[in-house]
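>>> Coordinates for the following, if possible.
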Amino acid sequence: MGILGKLFGKKEKESLDQGLQKTKEGFFSRITKAIAGKSTVDEEVLDNLEEALVSADVGIETTVQIIERIEKRVKQDKYVNTAELNNLLQQEIEAILVDAPEQDYKDFEIPEGKKPYVILVVGVNGVGKTTTIGKLAHNYKKAGKQVILGAADTFRAAAVDQLTIWSERVGVSIVKQAMGSDPSAVAYDTVQSAIAKNADVAIIDTAGRLHNKAHLMDELSKIRRVIQKLIPQAPHEVMLVLDGSTGQNAVEQAKQFIATTDVSAISITKLDGTAKGGVVLAIANQFKIPVKYIGVGEKIDDLIIFDKHEFVDSLFKLG
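Predicted structure coming up:
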């Protein structure tokens, strides 16, 4: 097992293996082509491998780092055959992925002295933000935590309706106001309600607009300020949700949001329906912000804690 130990069980591993199936098929076919008919790792193999990684949405910056690390290993070990390349590639991909802080590996536990634990969720519309919040709430509740949701995306009736459906499905409270209300007022009420009810976790949805960055920045700053009137160190986590199936677009979105707000964790959704799962490597490496969760299916349990060892292991697992 990886660093999650027993927290990453057989069920999670099976979900991960299945969820990465499309990515794995594309990834391996490209790597197989890259080394076809070669007995040693030479310049041509490395060039082909570079092309294969970029095509798998690993991204140019991350691909260059991986290739440089492999070149270094090939020089050190003098003779590396193509049969050993898969192992080498697996090790080097894992080595460039950033580790989340130790406390993030506790299975939906709340860090000491941070109750209610306030999570602000950001991301553009359509990436699976509301679904991720619903699945997060489910996981926290399953871990014995009392959860309150805040519907601070007040500009879209659909966002409030979807979050209400999730709150009912999971069986947790929700704080909402009329359409067009001030999002920071909803955020304030959510945290106030969480304190009053002695809840463990407050998860707040926010509007997903990037076309007006200044407005988005002002809105998120205001939400942060009003929350801090109640809990000075909140939000404890700013979770950016990205759609893995959009490949390099997800990297661009991450750039925009990270420039706009203090993102502390990333969740990548819809990996089961795409061959672009390599984007997880690009995002985790490029921004040095932990990928905390990945979505690998439609079911309520298909949001799993990201473990770099298990992810890379599933990516390279044959069959």
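
>>> Now residue 229: closest residue in space that isn't a chain neighbour?
Sequence neighbours aside, residue 188 is the residue nearest to residue 229 in space, at 7.3 Å (criterion: CB to CB, 6 or more residues apart in numbering). Quick note: C-beta positions are derived from backbone N, CA and C, even for glycine.

>>> Contacts only, for that neighbour.
Taking CB atoms under 8 Å, 6 or more residues apart in numbering, we find residue 188 in contact with 226-227, 229-230.

>>> which of these count as buried?
When those are checked for burial by 16 or more other CB atoms under 10 Å, the buried set is 226-227, 230.

>>> which one of those sits closest to residue 273?
Among the buried ones among the contacts of residue 188, residue 227 lies closest to residue 273 (CB to CB), at 34.3 Å.

>>> And the strands in the stretch 201-319 of the chain?
Secondary structure of the stretch 201-319 of the chain, counting by DSSP state E, counting those that start in this stretch: strands at 201-205, 237-243, 265-269, 291-295, 303-305.

>>> in its sheet, what does the last one sit against?
Think strand 303-305. strand 291-295 (antiparallel) (DSSP bridges).

>>> ok, back up a step: so which of the buried ones among the contacts of residue 188 sit within helices?
In helices, judged by DSSP state H, the following of the buried ones among the contacts of residue 188 are found: 226-227, 230.

>>> related to what we said a few turns ago, for the residue nearest to residue 229, grab phi and psi.
phi -60, psi -50 (degrees, to the nearest 10).

>>> Against residue 128, how distant is it?
Distance, residue 188 to residue 128, by CB to CB, to the nearest Å: 26 Å.

>>> Repeat that for residue 242.
Separation of residue 242 from residue 128 (CB to CB): 9 Å.

>>> between those two, who's got more neighbours?
Using other CB atoms under 10 Å, the more surrounded residue of residue 242 and residue 128 is residue 242, with 28 against 21.

>>> The more buried one contacts residue 255, doesn't it?
No - at 10.9 Å, residue 242 and residue 255 do not qualify as touching, with contact defined as CB atoms under 8 Å.

>>> Torsion angles phi and psi at residue 277?
Torsion angles, degrees, to the nearest 10, at residue 277: phi -60, psi -20.

>>> quick one: contacts for it?
20, 22-24, 27, 56-57, 244, 271, 315.

>>> can the buried ones among the contacts of residue 188 go into JSON lines with extra columns for pLDDT and distance to residue 82?
Below are those laid out as JSON lines (pLDDT from 0 to 100; distance: CB to CB, whole Å):
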{"residue": "226", "pLDDT": "97", "distance to residue 82": "58"}
{"residue": "227", "pLDDT": "97", "distance to residue 82": "54"}
{"residue": "230", "pLDDT": "98", "distance to residue 82": "59"}
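
>>> Can you show me the helices along the stretch 1-150 of the chain?
Here the stretch 1-150 of the chain has its helices, by DSSP state H, counting those that start in this stretch, at 10-19, 21-35, 43-55, 60-77, 82-96, 129-142.

>>> Who are the contact partners of the closest residue to residue 25 other than its chain neighbours?
Leaving aside its chain neighbours, residue 25 sits nearest to residue 275 (6.9 Å; criterion: CB to CB, 6+ apart). Shown in contact with residue 275 (CB under 8 Å, 6+ apart): 22-23, 25-27, 56.
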